[in-house]
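Novice: All I have is the shape, not the residue letters:
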């Protein structure tokens, strides 16, 4: 959904057009006020604005299909009266039996037109028998050709475009009716949508022509562009049920809207062969729907993360610091609110910015600064606190104790640990490993000596003391 919205937005902005945001909520069992609000919130978060639609208004209001039901009922009645539609009394079981027979005979299995030419007496008999009916659109028996903005010229033969339902037995209008009606009345000129809806297009074109005949709209048929599938794990089409399709997943992980949109735009389109990183402004300037490929695109989470990381690094530091705010408090942060020190965080933020993939990574990178004691990661402890670590930590503690006041700075701290390591025949990387785990709880994180500078002398030495006590209490193997 997001990529489709993005391509429509970029197309409209590139051509100086009007983006119409319409809410398709005619399915009462699936659609709710909550889902409506979530959809608007998602569009706002992404920064995809619209020119007509909810909250904005426009000359074709209302823009929620659930508020246009009387209009659809009127159009359906007019289509019936003009002979462009008819009532179909076939039951689900009858339809399936005939479809199965058609498949067995190698024929197209769409609706066979049984009720298309019922006499008045036959219709009356069905009504008297209490048979429910749907309304079907009568598709003209001729090829339907159109030029797809992505796929070029396409032709659908009559046998592949059977008569289709437009109103359910309970009177509820179907997607096949409401969208063409709204397109006609809202004067839609271009529709970009998923490849899965390609088979709907010839049916809609036939309906647009019928709508023009009965005076609904101005007779303009939109141009269509059908976007390629996005493939997920196992080279299967990405579905709404898969985690990768959930926008909330990316929001909660801390993707930047522009980072996520940058990646999604690459699923079928590119700004240049040798360029993956760009702003939405640059996308709008370059976007052409004819440059979208027809072949399926593959969703690559690692690449999405890498692109997002680049956008994070390109933020001004103040903007990055502000963006981290939600992940520095509950429910993401494991420390109490009063423990958070904004000034201390601001000192480390530039270092964190160069290492984060998503904003939620910030919590584990700076928790050592605000927790009363570092996290207890047994895997990291076992990896760093190998035989000899106790002696190294004692030497480090001794060297660090000599530093105070203005000498408690990253460079002197580094020199002290280097000297302690050399006394044990260790290079800096090996020497600082137990110190990092003692102070932060983890084997990886922000630059160690800058972190110690911000943490402070007393807390650093106290944590080394705690680690030494724990090592002394461990069974010696």
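Specialist: All right, it came through fine. Note that the structure is a prediction, hence the values are computed from the model and not measured.
Novice: neighbours around the nearest residue to residue 63 once chain neighbours are set aside, how many?
Specialist: Nearest residue to residue 63 in three dimensions, chain neighbours excluded: residue 53, at 4.5 Å (C-beta to C-beta, 6 or more residues apart in numbering). The way it works is simple: take the backbone N, C-alpha and C, and place the C-beta from them, glycine included. Using other C-beta atoms under 10 Å, residue 53 has 22 other residues around it.
Novice: What about residue 53? Give its phi and psi, please.
Specialist: Note on residue 53: its backbone torsions stand at phi 140, psi -170 [degrees, to the nearest 10].
Novice: Do I have it right that it meets residue 22?
Specialist: Yes: Residue 53 is in contact with residue 22 according to C-beta atoms under 8 Å; the separation is 6.5 Å.
Novice: which residues do those two both contact?
Specialist: Residues touching both residue 53 and residue 22 (C-beta atoms under 8 Å, 6 or more residues apart in numbering) are residue 63.
Novice: Which helix or which strand is home to the nearest residue to residue 389 once chain neighbours are set aside?
Specialist: Spatial nearest neighbour of residue 389, excluding adjacent residues (C-beta to C-beta, 6+ apart): residue 434 at 4.2 Å. Using DSSP states H and E, residue 434 sits in helix 428-440.
Novice: Hey, what's the angle from the helix ranked longest in the chain to helix 428-440? Just curious.
Specialist: Ranked by residue count and defined by DSSP state H, the top helix of the chain is helix 457-473. Angle, helix 457-473 to helix 428-440, by axes from the mean of the first three to the mean of the last three C-alpha atoms, to 10 degrees: 100 degrees.
Novice: Use 49 as the first number for this chain going forward.
Specialist: In the new numbering, first residue 49, that becomes helix 505-521.
Novice: now helix 505-521, how far from the centre of its chain.
Specialist: Here helix 505-521 is found 45 Å from its chain centre; the criterion is C-alpha atoms, centre = their mean, to the nearest Å.
Novice: Okay, domains of this structure per the record?
Specialist: When the chain is parsed with automatic domain parsing, its domains come out as 116-130+189-275, 291-362, 365-411, 421-525.
Novice: So in this protein, where's the weakest helix or strand by average pLDDT?
Specialist: Ranked by mean pLDDT, DSSP states H and E, the helix or strand of the chain with the weakest confidence is strand 278-279, at a mean of 86.
Novice: Going by neighbour count, which residues of the helix or strand that it is followed by are buried?
Specialist: Counting by DSSP H and E, the element after strand 278-279 in chain order, helix or strand, is helix 295-301. Using 16 or more other C-beta atoms under 10 Å as the test for burial, helix 295-301 gives 295, 298, 299, 301.
Novice: Now tabulate those in CSV and tack on pLDDT and distance to residue 453.
Specialist: Formatted as CSV, the buried residues of helix 295-301 follow (pLDDT from 0 to 100; distance: C-beta to C-beta, whole Å):
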residue, pLDDT, distance to residue 453
295, 88, 50
298, 94, 46
299, 94, 44
301, 94, 41
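Novice: Report pLDDT for residue 419.
Specialist: Per-residue pLDDT puts residue 419 at 96.
Novice: How about it: what's its closest non-neighbour residue?
Specialist: In this structure, residue 419 finds its nearest non-sequential neighbour in residue 383, 5.2 Å apart by C-beta to C-beta, 6+ apart.
Novice: Show me what the helix or strand harbouring residue 84 is packed against.
Specialist: Assigned by DSSP H and E, residue 84 belongs to helix 81-94. The elements that helix 81-94 packs onto, with contact taken as 3 or more C-beta pairs under 8 Å, 6 or more residues apart in numbering; DSSP states H and E, are helix 50-62, helix 305-313.
Novice: Identify, out of these, the most deeply packed stretch.
Specialist: helix 305-313 (a mean of 23; mean count of other C-beta atoms under 10 Å).
Novice: From the chain's centre, how far out is stretch 320-338? Work that out for me.
Specialist: For stretch 320-338 - counting by C-alpha atoms, centre = their mean - the centre lies 19 Å from the chain centre.
Novice: Next: stretch 172-190.
Specialist: With C-alpha atoms, centre = their mean, you get 41 Å for stretch 172-190.
Novice: Just the buried residues of it, please?
Specialist: For stretch 172-190, by 16+ other C-beta under 10 Å, it's 174, 181, 182, 183, 184, 185, 186, 187.
Novice: Tell me the spacing between the second one and residue 138.
Specialist: Between residue 181 and residue 138 the distance, using C-beta to C-beta, to the nearest Å, works out to 9 Å.
Novice: Also the last one?
Specialist: Computed with C-beta to C-beta, the distance linking residue 187 and residue 138 is 16 Å.
Novice: cool, the fourth one as well?
Specialist: Using C-beta to C-beta, we find residue 183 at a distance of 13 Å from residue 138.
Novice: so what's the most centrally placed residue in the chain closest to, chain neighbours aside?
Specialist: Nearest to the mean C-alpha position of the chain, counting by C-alpha atoms, centre = their mean, stands residue 295 at 3.5 Å. In space, not counting the residues next to it along the chain, residue 295 is nearest to residue 90; the distance is 5.4 Å by C-beta to C-beta, 6+ apart.
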